[in-house]
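[1] Structure for this input, please:
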Amino acid sequence: MKDAFSTYHPILNFGYFTFVILVSMFCMHPVFLTISFIGAFIYSIKLNGKKAVKFNLLCGIPILVISAIANPLFVHEGVTILTYFSSGNPLTLESIVYGISTSVMLVSVIMWFSCYNKIMTSDKFIYIFGKIIPGMSLILSMILRFVPKYKSQIKIISKSQKSIGRDVSNGNIIQRSRYGLKILSVMTTWALENGVETADSMKARGYGLKGRTNFSNFRFDSRDKKFTALALCLVVTFLIGIYSGCGKIRFYPSIVISSENLQSVLTYTSYALFCIIPVVIDIVEEIRWKRLRLRI
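    Model prediction:
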């Protein structure tokens, strides 16, 4: 079944990911980082299945470990000294906590962007920004689809070269290098030709011309209105809490975290509900779909 949240209006999709990514980047409080990490992890698995589990483990864990270790090695600020390195520099609790927080933030943002790339297709992006910045929106949409499209094409080229015995797995080191350069050359030529064809095609269709009309199947219906009302309530509750001082944290020179109260709990809850909305929407739609199938 297709992801239900992806069928919502593109502005809502874009606004949702913009908000969660910005909060993940700038709110370094442990509770917010944990909520963002769990929400991104669950939604990425919901969207991509086993591929997301593999990506999160093979890519996320190394980033977590490297980022968490790198900060204490190079940053020695903080008043809580745990021990000293052989170089004489101190190992501080503050640098360890900040390194762990930064690594969790980085992995969370990467996972949210993987979900974004799955939901925000190029036609949605052009629909939102096509009238405002037509040239830039086209370039950005092409960049966003660069990796999956070119990855698919290079597999096709590699298989065709392998069929005539010119793959990078054939021959000695020199021959493999030559075959690899050949594949890269073919790929580069294809990319340039594809870019020229795309530019000519868009120009022939009058893309970016003043007064040009645009057709779109996207409509802001009652379902989108309900989502907007719910999302705004959660966002306003979150922003009020942040403005009141909830979720503040200082790492250097000592760790200072804002005191917990009822408002902070409401702030954490509103952000957690906001992060989990797409998954809840998918689950509700799946239950509804199964009920409809049973009635047939």
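[2] and Ile110, what does it touch?
    Residues near Ile110 by CB atoms under 8 Å, 6 or more residues apart in numbering: 59-60, 63. Every residue, glycine included, has its C-beta placed from N, CA and C.
[3] For those residues, which entry has the maximal number of neighbours?
    Counting neighbours by other CB atoms under 10 Å, the top entry in the contacts of Ile110 is Gly60, with 21 neighbours.
[4] any idea how far that one is from Ser114?
    Computed as CB to CB, to the nearest Å, the Gly60 to Ser114 distance reads 10 Å.
[5] picking up where we left off before, pick the one among the contacts of Ile110 closest to Asn261.
    Gly60 (32.9 Å; CB to CB).
[6] Excluding chain neighbours, what is closest to that closest one?
    Val107 (4.6 Å; CB to CB, 6 or more residues apart in numbering).
[7] Poorly predicted segments of the chain, please.
    1-2, 130-147, 207-216 (pLDDT under 70).
[8] Would you state the helices of it in chain order?
    Along the chain, the stretches classed as helices by DSSP state H are 10-26, 30-48, 50-55, 61-74, 93-119, 122-129, 134-144, 146-162, 173-204, 222-243, 262-295.
[9] in stretch 8-27, what's buried?
    For stretch 8-27, the neighbour count (16 or more other CB atoms under 10 Å) marks 8-10, 12-14, 16-17, 19-21, 23-24, 27 as buried.
[10] any idea how far the spatially most central residue of the chain lies from Met187?
    Nearest to the mean C-alpha position of the chain, counting by CA atoms, centre = their mean, stands Phe113 at 0.8 Å. The span separating Phe113 from Met187 equals 24 Å under the rule CB to CB.
[11] ok, back up a step: of the buried residues of stretch 8-27, which is the nearest to Phe129?
    Closest to Phe129, out of all of those and judged by CB to CB, is Phe14, at 9.1 Å.
[12] Count residues in the vicinity of the nearest residue to that closest one once chain neighbours are set aside, would you?
    With CB to CB, 6+ apart as the criterion, Phe14 has its nearest non-adjacent residue at 5.8 Å, and that residue is Ile128. When neighbours are counted by other CB under 10 Å, Ile128 registers 17.
[13] And Ile128, how far from Ser222?
    Ile128 is 21 Å from Ser222, by CB to CB.
[14] Likewise for Ala272?
    To Ser222, Ala272 is 26 Å away according to CB to CB.
[15] So the two - more neighbours on which side?
    Higher neighbour count among Ala272 and Ser222: Ala272, with 18 against 7, using other CB under 10 Å.
[16] can you pull the contacts of the more buried one?
    35, 39.
[17] Val107 too?
    Contacts of Val107 by CB under 8 Å, 6+ apart are 37, 56, 60, 63-64.
[18] Reformat the residues you listed as CSV; add distance to Glu197.
    Putting these into CSV (distance: CB to CB, whole Å) gives the following:
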residue, distance to Glu197
Phe37, 41
Asn56, 36
Gly60, 37
Ile63, 37
Leu64, 42
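[19] The residues you listed: which two are farthest apart?
    So, the contacts of Val107 by CB to CB: farthest apart are Phe37 and Ile63, at 12.0 Å.
[20] Run through the residues that contact Leu239.
    So Leu239 contacts nothing (CB under 8 Å, 6+ apart).
[21] quick one on the thing from earlier: how far away is the residue nearest to Gly60 from Phe274?
    Taking CB to CB, one finds Val107 at 19 Å from Phe274.
[22] what about Thr198, how many neighbours?
    With other CB under 10 Å as criterion, Thr198 counts 12.
[23] again with the one 4 residues further on
    A count of neighbours around Met202, defined by other CB under 10 Å, yields 14.
[24] Give me the buried stretch members for stretch 64-72, please.
    Buried, per 16+ other CB under 10 Å, within stretch 64-72: 64, 67-68, 71-72.
[25] pretty sure Pro253 contacts Glu94?
    Yes. Using CB atoms under 8 Å, Pro253 makes contact with Glu94 at a distance of 7.1 Å.
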